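[1] Please find the sequence and the predicted model below.
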Amino acid sequence: MSLNRRTFLKAGAIVAAASALPRPLMAQFGDAPEPIPPIDDPRLKDLTARALDAARAAGAKYTDVRLTHTRTRRFFPLFTFDEESIEVGVRSLVDGYWGFASGPVWSPDEMARLGRESVHQAKANALGGTRVVELAPAPVVHSGNWTTPVQIDPFEISPLETQDFLASLDIYVQRVPGSSTQQNQAIGETQAKAFASTNGSYFAQRSYRMEGVLAIAMRLTKPRKEGGLGLGCLTPSALGWELYSAAKLPLVREHSIYEEIRRGMEETRERLMLPVKPVEVGRYDAVLDARTVATLLDVTIGRATEIDRSLGYEANAGGTSYLNDPLAMLGSFAMGAPTLTVTADRSVPGACATVQWDDEGVEPDNFTLVKDGILADFQTTRESASWLADYYGKTRSRMHSHGCASAPSAMHAPLQQPPNLTLTPGREPLDFDGLVKGMDKGIAINAAQLDMDFQAASGLGTGAIFEVKQGKIVAALESAGFLFRATELWKALHAIGGGVGSRRYGMSTQKGEPASTSYHSVTAPPAIVNQLTLVDPLRKA
Amino acid sequence: MSAWNDRPRRLIDVDRILSAEECESIAHRVFAFARGDGETKIRLTSWWNGELRWARNRVSLASDRRDLRLQIWRDVGVGRGNVETNQLDDASLEAAVRGAERSARLSPLVRRPPEIMPPFPAFAQPKTTIWADATYGATAETRGEIARAMIAPAEKKGLLSAGYLEMRAGSLVARSSLREAGTYAPWDVPYVQWTQAQCSMTVRDAKGAGSGWAGLSNFDWSKIDAGALATRALEKCVASQNPVALEPGRYTVILEPQAVADLVEIIVESMNRDSAESGRGPWPLAQDEVLRLWRTKLGLKVIDERISIEHDPSDPALGILPEPWMKPITWFDHGVLSSLSFDREYALTMLNENNARRGMIGYRMTGGETSTDEMIRTTVRGLLVTRFSNIRMLEDRSLLATGLTRDGLWLIEHGKITKAVKNLRFTESPLFVLNSVDQLGVPVPVFRPVRSPYATELTPAIVPPLKSRDFSFTSMIDAI
């Protein structure tokens, strides 16, 4: 059997290689179209120059242009589907007003049209009241080139191999009677990008992202119970196929994917065996698993420290922020307990927001959003960094962008989007089980889903919630949820798990009008918060 | 270089979306590139967006964006493959077809042999109006003027406004190599072009102590009165300032049309016959003890008898994108559940019909004649709700959902609005709300724009305001 299978795979690989995609997608440099070249081809720089020249000639004070080539592959046990597109977007600044134009054609004429159109869009609004835009200085990038480090490029590996791998997960799950996969799929994306600006910067950059879903349904016979789990270690990551195939991945999983499945199913089985109790509304000390802490961090502090949201730029869309007076609050506002420190970066390998340069050509820095419980900074771009100029002047720090400008492709104008966030772990080497062990009476929360308000100030959490007694999970609470206010929750932070318990989760956010999506990662250890308000979310007033 | 010249130049230059002739030519080229037998299907959309966004009373971005998506499906043997691209020159099209064939060879999809399926009946495309020159013709200068006119009153009052204007146009064609003009599968779409406009504005005071919103979407920009929206958003902001805290609990609510539409959205998602007969969602009635089949609530009264919800693809005030097999459908007929959506596979196997019924995309909800003022005047104690936000369904059986009030919530006492109150979180089912109706007002269009640029469905809705009893608010929130 195994020999046959191997022979089949081998034959399949030859078939796949023989029928490999001829290069689709054409660009024009001279008179004739040709297949688009690798993103570091110097002729792409000439192409971008056409847009910059046209915009400059039309009166732009500043212009940047991005070419993106985006490939997406959807992996299933029986299918593999590809998507591929190219885009170009030009953004210009005229008299303090931004204009943007984008389209799907890479040709010299189209570059020039988009350059002119971006200026036209800006000028149509420059008739309004004065608007001052100061762009924080950005060092010129001379012909840079950077690629997300991945071990296995998901577009280079044979679809037969990936389909076979996913099918093997189905089989592995089904070996336990009563168990089956409800969802088993993966998505890989790679985007090659060329960036040029009238500052004189030019670079090429290629990013990768991989994520998967493996949802398992389980049916126990003694006692008769049904449940399920979603495998957390397939979280969106700046990785290749190694998200599935690596023996282990730092901060994501410590074991092979099969072992993770085995342990996940074993844990689910144990929890299904627990007695089920109705929720008793009240206040409880709670152990939060790393996923819950990461999600909480993301939707409270991560969302609230977006400077544009804080100043009302998202008021007509997702909302504003409880940090509604940034200049007055910076350096003094208590975000949480003194043990709370949150850092931001776009440099950690494997994290979704990691890049060498952002979508304005800025090399992002590592910075601290919350230091010892106090609000220390905001997420910024070149324009929005200048809104905090007074604070930077007061603290004698250099006014510069943190490099948080991002767009899903050149079809979209860049917006300030979240960088990777990290909650600094505690000193004690405690993981989730360790924190539960130390708790006399309380609750434990796993993989909470959060519904926030439109100022990131308060929310409702739902998820798997358990009763803890004398260091042990003793019962599952039926239909339980928790209500929280962001600052109260973080001030009630009683203990933070150690780095040993830290996990990294990829998150996506949607923002802006028109809406654009971006990915970043949040790394957090499990933690204990005191006096969390437990409710029954299904109970009406 | 014919490959390059074949590229639809008009997308770049004159017309911002693909014409019928261009789409036809692309379809034929794709079909011609197919190697061997088997069906080739395409779905081709192109779109243009003219957008303007502002915040703090100044335009923060104006944009012009165009793109297209071509999806190709190829059947090879028992497999079906699929690729997607946004390039239309011959080299890219051929590569995409090869890619779909390669994907098909890797995909052992078991399909029903086409010869045992009944043929697709002929159908006439419903006549609709979903194109407006007022939308397509609006320039960047027009949008700039509109925004300045909307901003001015707010700025004059020292308030901060943020808003968004969007004018879009698009084309769509979905075709198969097996079907020539005249016969269509439910998923085929003869060439159609459409427009859509949206306008929304939020006004806040400088301290963030009050917030008002107004918005509207329509295929025809000339049906949207931007000045009236700006006035309403501003008035709501002023009237909502410095709200007082109110105990959560059960209240009589007067829901403005937008708030009603926000709740009905949860019902829209649930209207599926297959899930109902599998025992999922709100519409299964009981399981047959012997056959183990689920009977549904079709034919039973499930909401207030004054309410009907229907869509008619030829309704000129609505503007639904016409698709084959689309007929006027009444989803709720005077409170009785009268239709659920199903696909052709379901129709053939379960109903023995060669039919399909798409979901509740755009809809019209009937109302009554009570004005909102009259609803307020006749309320002893209640709340007036502008709209809801951040809604999530918690339980699919009852459609119990949670969400928040936003941009204006007022207490009504003895027939008068007495004070602005802080926003509340609700835990309530839209079915309960539509079963506890006291009064209904005149239906009006609401804000319900298409969310994704690639989405080709237009989602208009015409909805009345209503007064409902015992709406459950479960906690107070500070967010404004």
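    Thanks, I have it. Keep in mind that this is a model prediction, so the values were computed, not measured.

[2] Determine if any part of whichever strand or helix holds B:Thr474 is in contact with chain A.
    Assigned by DSSP states H and E, B:Thr474 falls within strand B:466-476. Yes - looking at strand B:466-476 against chain A by C-beta under 8 Å from any C-beta of the partner chain, the contacts come from B:Ser472, B:Phe473, B:Thr474, B:Ser475. (Each C-beta comes from the backbone N, C-alpha and C, glycine too.)

[3] tell me the phi and psi of B:Glu84?
    Main-chain dihedrals, B:Glu84, degrees, to the nearest 10: phi -140, psi 140.

[4] Give the bridge partners for it, please.
    Beta-bridge pairing for B:Glu84 (DSSP bridges): A:Glu83, B:Gln71.

[5] Model confidence score at it, please.
    pLDDT, B:Glu84: 95.

[6] cool, and B:Tyr184?
    At B:Tyr184, pLDDT is 82.

[7] Show the contacting residues for it.
    B:Phe120, B:Phe123, B:Pro190, B:Pro324, B:Trp325 (C-beta atoms under 8 Å, 6 or more residues apart in numbering or on different chains).

[8] Identify the residue spatially nearest to the second one, adjacent ones excluded.
    To tie it back to what came earlier, the one meant is B:Phe123. Nearest residue to B:Phe123 in three dimensions, chain neighbours excluded: B:Pro324, at 5.2 Å (C-beta to C-beta, 6 or more residues apart in numbering or on different chains).

[9] circling back: lowest pLDDT pick from the contacts of B:Tyr184?
    Out of the contacts of B:Tyr184, that is B:Phe123, at 72.

[10] Am I right that that residue is in contact with B:Pro322?
    No - the pair B:Phe123 / B:Pro322 is not scored as a contact, 10.4 Å apart, by C-beta atoms under 8 Å.

[11] quick one: low-confidence parts of the chain?
    You didn't pick a chain, so chain A it is. For chain A, residues meeting the criterion pLDDT under 70 lie at A:1-24.

[12] Chain B is the one I meant
    Looking at chain B by pLDDT under 70, you get B:1-14, B:109-115, B:181-182, B:451-456.

[13] again, only this time at 50
    Within chain B, the ranges that satisfy pLDDT under 50 run B:1-14.

[14] So which residues of it form helices?
    In chain B, the helices defined using DSSP state H lie at B:2-5, B:9-12, B:20-33, B:90-105, B:133-136, B:140-156, B:226-239, B:257-268, B:273-277, B:344-346, B:372-377, B:430-433.

[15] A:Gln510 is nearest to which of the ones you listed?
    For A:Gln510, the closest of the helices of chain B is helix B:257-268, at 17.0 Å, according to C-beta to C-beta.

[16] Tell me the gap between that closest one and the middle of its chain.
    11 Å (C-alpha atoms, centre = their mean, to the nearest Å).

[17] do stretch B:135-154 as well
    In terms of C-alpha atoms, centre = their mean, the centre of stretch B:135-154 is found 24 Å from the chain centre.

[18] List of residues touching stretch A:221-230?
    Contacts of stretch A:221-230 (C-beta under 8 Å, 6+ apart): A:177-178, A:182, A:213-220, A:264-265, A:267-268, A:271-273, A:447.

[19] Show me what the lengthiest helix in chain A is packed against.
    Ranked by number of residues, the top helix in chain A under DSSP H is helix A:108-126. Helix A:108-126 is packed against helix A:42-58, strand A:62-75, strand A:80-94, strand A:97-103, helix B:9-12, strand B:58-76, helix B:140-156, with contacts defined by 3 or more C-beta pairs under 8 Å, 6 or more residues apart in numbering or on different chains; DSSP states H and E.

[20] Mean neighbour count for these - can I get that in CSV?
    Formatted as CSV, the helices and strands packed on helix A:108-126 follow (neighbours: other C-beta atoms under 10 Å in any protein chain shown):
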stretch, mean neighbour count
helix A:42-58, 20
strand A:62-75, 23
strand A:80-94, 25
strand A:97-103, 27
helix B:9-12, 18
strand B:58-76, 23
helix B:140-156, 19
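
[21] Right, I'll call it a day here.
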